[in-house]
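J.: The sequence and its predicted three-dimensional model are supplied below.
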Amino acid sequence: MSAAPIIFSGIQPTGRKHLGNYIGAIRQYVEGQERGEPAIFCIVDLHAISVAYDPQELRERVYDTTAILLAAGLDPARCILFRQSDVREHTELTWLLSAVTSHGDLNRMHQFKDKSARQRELVSAALFYYPVLMAADVLAYRATEVPVGDDQRQHVELMREIARRFNERFGELLVVPELLIPEVGARIMDLQEPERKMSTSNASEAGTVYVLDEPEAIRKKLGSAVTDSGREVLRGEDKAGITNLIDILAVSRGIDQAAVEAEFAGAGYGDFKKAVAEGVVELLAPVRERYAELRPDEAALEAVLAAGAEKARAIAAPTVAEVREHMGFVPAPL
Ligand code: TYM
């Protein structure tokens, strides 16, 4: 029998988490806490400052995300849930790992290219360094599995390369983590522009379903989802909209895509879209309701994060101490 996995993933702080985040990532976290020993989930407020943001709001957005994750089923008794900036080892390790990170590799990152092209003011060095901080997040815990959506594939490949290069240069110390991408729903597409992924930053409001949307809003967005001029509820290269809706319904109901196609053989797009809307309402409504109960109690959310940070630090600090030592530094002063 193989050892239990050490699972780590990160999520950006915002109250506008969408269906793509939920299906591609959050669902995997909830499943992961049953297997991970430990399963560690981090709200990455340090990553959030890599683009324009409001300092007054940052703390609030961390609470929003904490409440969403708890509402979705993360249980602080079964996982470690914490705020990235509470564990300083992440920033220290970022700098140390930058010594074995290639500038050329960072330059090739799709996310950096996309996000820097969209910045109207400053393209920050933090945006360029974003993947190094991600590597530090994961490698500090010697995680073996990283559950993410498809858009983070390249970042996980880079952190694997950073770990390998560190081990070659300074001795076998870090663990090369495995990417974990869901079979269905790794890339949920925008409902209005199904050639683009659903995203917080560059998609249409009508094409993005938020986890906290009211059922009526969800019905409206799915009702006006872009399809195609055909009439078959089947997956296909030239059927990006319908393929996306099939994936969404399959995940919402916990069945496979072929079962969705079989059920809707001969049905019109209108009925199919109604069924998808109901599937998504059923998936998200309990999360929204539970969020409404949890979000007001900021002291309780802060207590969850503080307890999580303490556990996280107990794992990350010894790793970073070893990294320092292998790299030739004296032990960190207390
Ligand atoms: P964030 O908050 O932008 O995204 C959170 C997760 O949602 C996934 N995701 C999607 N999945 C399917 N379809 C989509 N349309 C879609 N859009 C987003 C993302 O792949 C991600 O898993 N860089 C990370 C945060 C991070 C991290 C880490 C992840 C920081 N450190 C260490 C893993 C390990 C991010 O994109 O967060």
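T.: Received, thanks. Residues are numbered from 1 along each chain as shown.
J.: Within range of the ligand, give me the residues from the stretch 101-250 of the chain.
T.: Applying C-beta under 6 Å from any ligand atom, one finds that the stretch 101-250 of the chain approaches the ligand through 134, 137-138, 146, 148-149, 151-152, 186-188, 197-199. C-beta here means a position set from N, CA and C on the backbone, and glycine is covered the same way.
J.: nearest to residue 57, of the residues you listed?
T.: residue 199 (19.5 Å; C-beta to C-beta).
J.: ok, back up a step: would you format the residues of the stretch 101-250 of the chain next to the ligand as JSON lines with secondary structure and pLDDT included?
T.: What follows is those, written out as JSON lines (DSSP: H, G, I helix; E, B strand; the rest coil; pLDDT from 0 to 100):
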{"residue": "134", "secondary structure": "helix", "pLDDT": "98"}
{"residue": "137", "secondary structure": "helix", "pLDDT": "98"}
{"residue": "138", "secondary structure": "helix", "pLDDT": "98"}
{"residue": "146", "secondary structure": "strand", "pLDDT": "98"}
{"residue": "148", "secondary structure": "coil", "pLDDT": "98"}
{"residue": "149", "secondary structure": "coil", "pLDDT": "98"}
{"residue": "151", "secondary structure": "helix", "pLDDT": "97"}
{"residue": "152", "secondary structure": "helix", "pLDDT": "98"}
{"residue": "186", "secondary structure": "coil", "pLDDT": "98"}
{"residue": "187", "secondary structure": "coil", "pLDDT": "98"}
{"residue": "188", "secondary structure": "coil", "pLDDT": "98"}
{"residue": "197", "secondary structure": "strand", "pLDDT": "95"}
{"residue": "198", "secondary structure": "coil", "pLDDT": "96"}
{"residue": "199", "secondary structure": "coil", "pLDDT": "94"}
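J.: Pick out whichever of those sits closest to the ligand.
T.: When those are compared for distance to the ligand (C-beta to the nearest ligand atom), residue 149 wins out at 2.3 Å.
J.: rewinding a little: generate JSON lines for the residues of the stretch 101-250 of the chain next to the ligand, with neighbour count and distance to residue 77 as supplementary columns.
T.: Listed next are those as JSON lines, based on neighbours: other C-beta atoms under 10 Å; distance: C-beta to C-beta, whole Å:
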{"residue": "134", "neighbour count": "24", "distance to residue 77": "27"}
{"residue": "137", "neighbour count": "27", "distance to residue 77": "22"}
{"residue": "138", "neighbour count": "28", "distance to residue 77": "23"}
{"residue": "146", "neighbour count": "25", "distance to residue 77": "23"}
{"residue": "148", "neighbour count": "21", "distance to residue 77": "24"}
{"residue": "149", "neighbour count": "21", "distance to residue 77": "26"}
{"residue": "151", "neighbour count": "17", "distance to residue 77": "31"}
{"residue": "152", "neighbour count": "22", "distance to residue 77": "27"}
{"residue": "186", "neighbour count": "21", "distance to residue 77": "29"}
{"residue": "187", "neighbour count": "17", "distance to residue 77": "32"}
{"residue": "188", "neighbour count": "26", "distance to residue 77": "30"}
{"residue": "197", "neighbour count": "19", "distance to residue 77": "34"}
{"residue": "198", "neighbour count": "27", "distance to residue 77": "31"}
{"residue": "199", "neighbour count": "17", "distance to residue 77": "33"}
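J.: In stretch 124-140, which residues are buried?
T.: Neighbour-count burial for stretch 124-140 flags 124, 127-140 (criterion: 16 or more other C-beta atoms under 10 Å).
J.: Helices of this protein, residue ranges please.
T.: Remark: helices assigned in the chain by DSSP state H are 19-21, 27-35, 45-48, 55-72, 89-98, 103-107, 110-118, 125-139, 153-170, 215-223, 240-253, 257-263, 269-294, 298-326.
J.: The last one - contacts with which helices or strands?
T.: Right, the one you point to is helix 298-326. strand 39-43, helix 55-72, strand 80-83, helix 89-98, helix 153-170 (3 or more C-beta pairs under 8 Å, 6 or more residues apart in numbering; DSSP states H and E).
J.: Need the winner for burial among these.
T.: The highest mean neighbour count among those, using mean count of other C-beta atoms under 10 Å, belongs to strand 39-43: a mean of 27.
J.: Direction included, what does that strand pair up with?
T.: Strand 39-43 has the following sheet partners, assigned by DSSP bridges: strand 7-11 (parallel), strand 80-83 (parallel).
J.: what is the rounded mean pLDDT of the shortest one?
T.: I take that to be strand 80-83. In this model, strand 80-83 has a mean pLDDT of 98.
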